[in-house]
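Undergrad: One predicted model, sequence on top.
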Amino acid sequence: MAITAAMVKELREMTGAGMMDCKKALNETNGNMDEAVEFLRKNGQAKAEKKAGRIAAEGLCTVVVKDEKTAAVVEVNSETDFVAKNDTFKTFVEAVATQAVNSDAADLDAFMAEAWNEDASKTVKDALVEKVAVIGENLNIRRFEKVVAENGCVVSYIHGGGRIGVIVEADTAVVNDTVKEALTNIAMQIAALSPKYVSRGEISEEYIAHEKEILLAQIMNDPKESQKPEKVINGMIEGRVNKELKEICLVDQVYVKAEDGKQTVGKYLEAVSKEVGGTVSVKRFVRFETGEGLEKKQEDFAAEVAAQMNQ
C-alpha cells in the first residue's frame, strides 16, 4: 500500500512520534493505522493515549445545572478564538446547554432534530444554521451529555472560561454545603489531571493485559533492560502498570489540595464522609475539553511532511 504524506501526518498527530518513525511504522504495517500506533508504542515512540494534548479547535464548553440532581455539559466549536469570546456566541452556547439539560435525546442526531426551546417552530439544527449566518463563521454543536443523579447530587465546574467543563455525580445520602464544596474540589481535580476512570474496578482485565504486553515489548526492545532476569522484568511491568493506574484512576490520584502532598482523592472522600456522617463517593464524571482530538488545518506542516516523504 502506498504511504502518503497525509497518512504520516495523521499518525504523527495521533501519537506525537517523529515523522520518519511514523513513515516506518506505516510501511511495516502496510498502512494500517491502528497497527502502526501499536508498532510505535511497542518501540517506545508513542504515548498510550491517542492524540494526547492535541487541543486545537476553538469554542466553548458550558455546563447547566437544572437542580441538585440534573446537569448537562455541551461543547460548541467555532473557527476562531475571537468568536469564542463573543457574547452572541456565549449566549448561544448557554442556550444549547439549557436545551441539553431539558432534553431526552439519546444521541446528537436526535438532539439536533428537537424543537428549539427558544422557538418551537425551529429545530436545534435550524437555530445553529441561523447563528452561523449571524456570526459569519462556521459553528458546530459537537457533543453533549446529560447526567441525572439517582442517589445523591451533581456538581459542575468550568475551567478557563469554558475551555474545560466537568460534571461530577455523587452517591450520598447527605447533600449539604460541605459535600458540595468537596465535590467541587473533586471536579477541579478532574479538570486539572484528566483521569479516565473513577476507580480500578472500572478497568477491564483486557486493558491491563494489553498494557502489560506493550510494556514487555518496550523492555525487550531496550538492550539493557531486556537482559535482566524474568522475575525482575515482571516486577518492572507490575510497577509501571500500577503507576499508570494511579494516574488514570481518580480515587488513586494524589488530591491536588492535599496538605501533606500524599493524600489520595479516595482518602479525601473518606475524610469528608466521616465529617458529614455519611458515605460520599463519586459514581461517575464527565469531562469535556474544547477541541479535544480536533485539529486545525496546518498547511505548512503538511508541506513539511511531504518534503520528508520525498527524501
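TA: Here it is on my side, so go on.

Undergrad: CA only for contacts and neighbour counts going forward, please
TA: Will do.

Undergrad: for the chain, what spans make up the strands?
TA: 58-67, 70-78, 115-116, 119-123, 140-148, 152-159, 164-172, 280-289 (DSSP state E).

Undergrad: So for residue 44, which of those sits nearest?
TA: strand 280-289 (26.9 Å; C-alpha to C-alpha).

Undergrad: For residue 56, give me the pLDDT.
TA: Residue 56 is assigned 37 on the pLDDT scale.

Undergrad: actually residue 205, sorry about that
TA: For residue 205, pLDDT reads 89.

Undergrad: do residue 172 as well
TA: At residue 172, pLDDT is 96.

Undergrad: Who are the contact partners of it?
TA: Contact analysis of residue 172 by C-alpha atoms under 8 Å, 6 or more residues apart in numbering lists 151, 152, 153, 278, 279, 280, 281.

Undergrad: Can you tell me which of those is closest to residue 3?
TA: residue 281 (49.3 Å).

Undergrad: my read: that closest one touches residue 170, true?
TA: Yes - Residue 281 is within contact range of residue 170, at 5.6 Å (criterion: C-alpha atoms under 8 Å).

Undergrad: The two: who's more crowded?
TA: Taking neighbours as other C-alpha atoms under 10 Å, residue 281 and residue 170 compare with residue 170 leading, 25 against 19.

Undergrad: Next one: the closest residue in space to the more buried one that isn't next to it in sequence relative to residue 225, how far apart?
TA: Leaving aside its sequence neighbours, residue 170 sits nearest to residue 282 (C-alpha to C-alpha, 6 or more residues apart in numbering; 4.4 Å). Distance of residue 282 to residue 225, computed by C-alpha to C-alpha, to the nearest Å: 39 Å.

Undergrad: And these two? Which one has more around it.
TA: Remark: of residue 282 and residue 225, residue 282 carries more neighbours, 21 against 14, as counted by other C-alpha under 10 Å.

Undergrad: these two touch, right, that one and residue 179?
TA: No - here residue 282 does not reach residue 179: they are 11.3 Å apart, not a contact under C-alpha under 8 Å.

Undergrad: Relative to residue 36, how far out is residue 3?
TA: Counting by C-alpha to C-alpha, the gap from residue 3 to residue 36 is 12 Å.

Undergrad: hang on, the earlier thing: would you mind giving the strands of the chain as TSV with distance to residue 134 added?
TA: Output for these, formatted as TSV (distance: least, C-alpha to C-alpha, whole Å):
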stretch	distance to residue 134
strand 58-67	16
strand 70-78	13
strand 115-116	17
strand 119-123	16
strand 140-148	14
strand 152-159	26
strand 164-172	26
strand 280-289	26
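
Undergrad: so where is the stretch 151-300 of the chain shaky, pLDDT-wise?
TA: 295-300 (pLDDT under 70).

Undergrad: now the helices for it?
TA: Remark: helices assigned in the stretch 151-300 of the chain by DSSP state H, counting those that start in this stretch are 177-193, 205-220, 230-248, 265-276, 299-309.

Undergrad: out of those, deepest packed?
TA: helix 177-193 (a mean of 19; mean count of other C-alpha atoms under 10 Å).

Undergrad: if we look at that helix, which residues are touching it?
TA: Against helix 177-193 from outside (C-alpha under 8 Å, 6+ apart): 155-157, 159, 164-168, 170, 250, 255-256, 265, 269, 272, 276, 280, 287.
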